[in-house]
Structures are given as structure tokens and as C-alpha cells.
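Undergrad: How does the following fold in three dimensions:
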Amino acid sequence: MLKIYNTQTRKTEEFKPINNNKVNMYVCGPTVYSDIHIGNARPVIFFDVLKNYLEFINYEVYYVSNITDVDDKIIEEAKKAKLTELELTKKYTKAFIEATNKVNSNLPDLMPKATNYIKEMVKYIKVLIDKGFAYQTESGVYFDSTKLSEYGSISNQNKEELEKSVRIENKGDKRDFKDFSLWKITDDQGIKFESPWGEGRPGWHTECAVMNHEIFNGVLDIHGGGSDLIFPHHENENIQTIAHSGHELSKYWMHVGRLDFGDEKMSKSLGNTVLVKDIDNGLAFRLLILAHHYRRPISFNNELFDEYIQIYDRITKTLKRTNLKLGVNFNQDEVDEEIISKFVDEMNNDLNTSNVITLILQEIKNLNKINDIIDIKKTYNSITKILNVLNIMPEYKLTKEIVNKYEAWEEARQNKDFDLADTLRKELSNEGWI
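TA: A predicted model of the protein is given here:
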């Protein structure tokens with residue numbers, strides 16, 4: 001039985017979807033004003049694995065991750081680049097998709113853009129005002145965080161802790177330090193939209209709350225993102241949903257730990273980011289991410305990455321050599337049930353991919369020791385089945401031509417035709433098959 005850690009309750013809970021075997025999952029996506037760095041890619045990798053595993057254990061998953069394409073950062077970057085906001089967001093949405101592909105994650109089933117839901121956001125805010133949960137000022141519309149006792153339940157903070165988290169005094173004309181913007185009135189040159197309160201832009205927290213309401217219209221099974229989104233973003237999404245719709249936004253809240261550069265937080269402002277587009281080996285990076293439990297922080301450095309490039313190379317070479325030994329045609333459904341059972345046990349324990357990677361490396365070692373061809377086949381099939389769920393299966397294809405070359409090499413060795421054997425061995429070695 002799958003158990004996952006729920007940020008809201010601070011407990012590891014048995015996973016029980018709201019509608020039998022159907023799972024609705026929403027993960028906060030990128031604000032598309034620049035290329036994503038490898039810290040941004042960690043949730044992209046984890047929630048892709050989560051969806052794959054849920055499908056592996058026979059759930060039907062609908063996975064949505066949004067694109068934030070209206071934001072102050074977008075406006076500022078567009079000005080610097082001398083582009084329109086639309087041109088900039090198109091450029092970096094494309095770049096995000098390319099980065100997602102580079103780390104071998106599948107795209108979500110739906111990637112809604114915030115600008116496609118402006119009318120719905122205006123309508124949503126009107127409901128909050130009418131219900132007394134929001135108020136209008138000269139600068140826009142704010143959510144009144146004092147009206148609901150549930151505020152703070154996602155981040156598990158009391159009023160004093162919330163005040164420290166916000167770290168700002170009341171600004172402008174909002175009533176309380178915890179209140180947040182639903183609609184920002186602006187007269188600057190950036191993109192803005194019509195509303196009953198004046199031209200402006202929606203608040204970030206409202207964008208996600210509204211898209212969830214429009215797409216799912218009910219309680220989500222899983223809402224996720226990076227741990228930096230717990231407060232204020234997810235806190236503010238949830239409280240709006242309670243105020244607007246009378247229910248929590250999600251049954252389970254899942255958050256991925258930070259990826260730091262050495263001992264420092266990786267951030268564009270500190271200038272210590274590594275962009276996904278600049279890494280040499282996306283699959284080795286994915287292996288590095290999955291070798292750490294998703295809730296634990298990762299201290300990234302180049303030496304660590306080099307280590308996982310070597311590990312991934314070892315996995316690839318062992319699998320290719322084993323595939324060559326098994327030949328082109330063999331029953332790929334025949335697995336070692338004990339290995340698969342261990343995999344399922346670890347994944348059911350709050351998606352413990354770290355222990356799964358340890359299991360894979362143990363079985364990779366075993367492949368070099370096993371002599372029985374049936375056991376080799378079962379072990380190979382089990383490893384590749386797990387790697388496919390994790391989306392870190394190396395890319396290679398054994399062909400009849402490669403098998404013929406291998407057989408010709410063996411024959412040349414037996415016939416003591418050392419020149420031919422040496423030539424064929426070099427070719428097979430360069431291609432990674434021996």
C-alpha cells in the first residue's frame with residue numbers, strides 16, 4: 001500500500017484517492033522569464049516519477065502543471081530584452097519544454113497558461129469580495145487573511161511565525177501583514193487587463209487557485225511543488241479555495257527539497273545557478289536527483305555530478321553487455337518477482353527512490369556474477385522495468401548486425417585470427433557493447 005508524506009498533516013499517510021483509482025495531480029510550474037536551473041528541474045523529475053509509479057500500480061493519473069506567463073519579473077525581463085511579454089514567454093515556455101525533455105521527463109497532460117484564465121480570475125475575485133473574504137483599496141484587491149482560522153495550516157505556522165516568515169511591514173493600503181494581493185492595479189507599461197477595480201494584473205496565488213478551480217472543480221488528490229512554495233504560495237492558494245469553494249484545495253500536499261550549490265542556496269540573484277540546458281548528461285543528472293530522497297536537500301557540486309556520470313555509464317555498459325549476451329529476441333516479460341517486490345516496497349514507502357537506486361546498483365553487480373541464463377534474463381528484465389518507471393533507462397538498441405559482429409569476434413578469437421578479433425573488439429568496445 002502506497003504511503004506518502006503529507007506536508008499539511010506532517011505525517012506519512014496511506015494514499016487513498018478521492019475517486020477510486022483516478023488521481024488528479026497539480027504541480028506549480030515555471031514562471032517563464034528565463035531558462036530554468038537544475039534546482040527548478042528537481043520537482044519536474046520527481047513528479048514525473050510519481051505519475052509513472054502511480055500508473056505502474058494501476059492508477060489513472062491526470063497531471064496538470066501550469067505556466068505562469070504574467071508576472072512582474074516577466075515584464076521587467078521583457079523590457080531588458082526589448083521584447084513583448086508574449087514574445088518572451090513563448091521563448092521561455094519553449095526553453096522549459098526543452099529542459100524537461102533533457103532530463104527525460106514527460107510533459108504533463110495539461111500545461112495551462114495563466115493569461116488564458118483572466119476572466120475566470122476576475123469572476124473568482126468578485127466571489128471572494130461578495131463573501132467578505134476580500135477587500136478593495138486604491139492599489140487593488142487583497143485577501144483578508146484574518147477571516148479564516150485555517151490560515152497557516154499548510155505551513156503549520158501560528159501568527160507569530162507567519163509574521164517572521166513574511167518579514168515585511170504592512171505596505172501600501174493592505175490591512176494586515178498576512179493579507180495578499182488578488183488583483184494589482186497598475187499604470188506601468190507592462191501587460192495589464194481590464195477589471196472592475198481598474199487595469200492591472202492578477203496575484204500569483206490567485207492564478208493557481210483559479211486554474212485549479214476551473215480545471216478540477218473540486219478537491220485535488222495531490223498538490224505539489226518545491227518546498228519553497230509551502231509558504232506563502234500554497235498557503236495562500238489553499239485559503240482562497242476554502243473561502244471561495246468551502247473546501248481545502250488538496251487532500252495531500254507533497255513538496256520536494258531544495259537543491260543547493262555547495263552550501264549556498266542556488267539562485268539567480270546569487271549568480272550560482274547551473275542551467276539545465278548547460279548540463280552534459282541529462283540522464284546522469286536525473287540519476288543523481290533520484291539517488292536522494294525527494295524531501296531531503298541536495299548539496300550539488302561538479303564532483304558529485306561527475307560521480308553520477310560514471311555510475312550511469314557503468315549501468316549502461318552492464319546492461320548493453322547483458323543484452324548482447326541475451327540476444328535480440330527474448331521474453332522481456334519474465335522478471336524476478338523478488339526484485340520487483342523490493343522496488344514496490346521502497347516506492348510505497350514515501351517514494352524512496354534513494355533505496356531503489358541502491359537496489360538497481362546491487363542488481364547491476366549481480367548481473368556480472370550470475371551464470372544461469374534464465375536468472376540473467378529475469379534480473380535484466382527487472383532492472384530495465386524499474387529504470388523505465390524512473391525514466392532513466394539508457395538508450396540503446398541491439399540489432400542483428402551487432403550480434404553478428406559479436407559472433408564474428410568470438411569466432412575470430414577461437415580461430416586465433418588476432419588481427420580480425422582485435423578490430424572487431426575495438427568496434428564493439430567503442431560502441432559500448434563489451
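Undergrad: Could you list the low-pLDDT ranges of this structure?
TA: Scanning the chain for pLDDT under 70 picks out 159-172.
Undergrad: got the residue ranges for the helices in it?
TA: Under the criterion DSSP state H, the chain contains helices at 38-56, 72-81, 85-102, 118-130, 159-166, 204-216, 235-245, 282-290, 302-326, 337-348, 353-367, 373-390, 400-414, 418-430.
Undergrad: Out of the ones you listed, the one nearest residue 259 is which?
TA: Residue 259 lies closest, by C-beta to C-beta, to one member of the helices of the chain: helix 38-56, at 4.1 Å. Glycine gets a C-beta too; all of them are placed from N, C-alpha and C.
Undergrad: To what extent is residue 314 buried, counted in neighbours?
TA: Taking other C-beta atoms under 10 Å as the criterion, the count of residues near residue 314 is 13.
Undergrad: which residue sits closest to it, ignoring its sequence neighbours?
TA: Computed as C-beta to C-beta, 6 or more residues apart in numbering, the closest residue to residue 314 that is not its neighbour in sequence is residue 364, at 7.0 Å.
Undergrad: contacting residues for the one you found?
TA: Counting by C-beta atoms under 8 Å, 6 or more residues apart in numbering, residue 364 makes contact with 314, 315, 318, 319, 383.
Undergrad: Spatially, what comes nearest to the second one if we skip its sequence neighbours?
TA: If I follow you right, that is residue 315. residue 364 (5.6 Å).
Undergrad: how near is the one you found to residue 232?
TA: 44 Å (C-beta to C-beta, to the nearest Å).
Undergrad: who wins for neighbours among the contacts of residue 364?
TA: That'd be residue 383 among the contacts of residue 364, by other C-beta under 10 Å, with 26 neighbours.
Undergrad: Quick one: residues contacting the spatially closest residue to that one that is not a sequence neighbour.
TA: Distances taken as C-beta to C-beta, 6+ apart place residue 363 nearest to residue 383, at 5.3 Å, with adjacent residues excluded. Residues counted as contacts of residue 363 (C-beta under 8 Å, 6+ apart) are 339, 379, 382, 383.
Undergrad: doesn't residue 323 make contact with the last one?
TA: So that's residue 383. No - the pair residue 383 and residue 323 does not pass the contact test of C-beta atoms under 8 Å, sitting 10.9 Å apart.
Undergrad: just curious, which of the contacts of residue 363 is nearest to residue 257?
TA: For the contacts of residue 363, the nearest to residue 257 is residue 383 (26.6 Å; C-beta to C-beta).
Undergrad: out of the helices of the chain, which comes closest to residue 27?
TA: helix 38-56 (4.8 Å).
Undergrad: Mind splitting this protein into its structural domains?
TA: 3-279, 301-390, 400-430 (automatic domain parsing).
Undergrad: So for the shortest one, what gets flagged as buried?
TA: Same thing as domain 400-430. Neighbour-count burial for domain 400-430 flags 402, 405, 406, 408, 409, 412, 421, 424, 425, 428 (criterion: 16 or more other C-beta atoms under 10 Å).
Undergrad: how near is the nearest residue to residue 359 once chain neighbours are set aside to residue 49?
TA: Closest residue in space to residue 359, ignoring its immediate chain neighbours: residue 342 at 5.6 Å, by C-beta to C-beta, 6+ apart. Note on residue 342: its distance to residue 49, by C-beta to C-beta, is 17 Å.
Undergrad: Pick out whichever of those two has more residues nearby.
TA: Neighbours were tallied for residue 342 and for residue 49 using other C-beta under 10 Å; the higher tally belongs to residue 49 (23 against 18).
Undergrad: Help me confirm that that one comes into contact with residue 388.
TA: No - counting by C-beta under 8 Å, residue 388 is not a contact partner of residue 49; they are 11.1 Å apart.
Undergrad: what's the distance between residue 210 and residue 244?
TA: Residue 210 is 9 Å from residue 244, by C-beta to C-beta.
Undergrad: still on that earlier bit, just want to check the distance between the residue nearest to residue 314 and residue 355.
TA: Distance from residue 364 to residue 355, by C-beta to C-beta: 15 Å.
Undergrad: can you list the residues that contact stretch 260-278?
TA: Residues contacting stretch 260-278 (C-beta under 8 Å, 6+ apart): 34-41, 95, 98-99, 102-103, 258-259, 282, 297-301.
Undergrad: Recalculate using a threshold of 10 Å.
TA: 33-41, 44, 73, 95-96, 98-103, 228, 258-259, 282, 285, 297-302, 304-305 (C-beta atoms under 10 Å, 6 or more residues apart in numbering).
Undergrad: what's the answer for stretch 89-97, then?
TA: Contacts of stretch 89-97 (C-beta under 10 Å, 6+ apart): 29-36, 40-41, 44, 67-71, 74, 77-78, 81, 83-84, 99, 107, 111, 113-115, 191, 275-277.
Undergrad: Please save the CA atoms from stretch 209-221 in CSV.
TA: Provided in CSV are the C-alpha atoms of stretch 209-221 (Å, rounded to 0.1, in the frame of the first residue of the first chain):
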residue,chain,number,x,y,z
ALA,A,209,-6.2,28.8,-7.2
VAL,A,210,-8.4,29.8,-10.2
MET,A,211,-6.8,27.4,-12.7
ASN,A,212,-7.3,24.5,-10.2
HIS,A,213,-10.9,25.5,-9.7
GLU,A,214,-11.6,25.7,-13.4
ILE,A,215,-9.8,22.5,-14.4
PHE,A,216,-10.7,20.2,-11.5
ASN,A,217,-13.7,22.0,-9.7
GLY,A,218,-13.2,20.1,-6.5
VAL,A,219,-10.6,18.8,-4.1
LEU,A,220,-7.3,17.6,-5.7
ASP,A,221,-5.7,14.3,-4.7
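Undergrad: Counting neighbours, which bits of that stretch end up buried?
TA: For stretch 209-221, using 16+ other C-beta under 10 Å, the buried residues are 209, 210, 211, 212, 213, 215, 216, 219, 220, 221.
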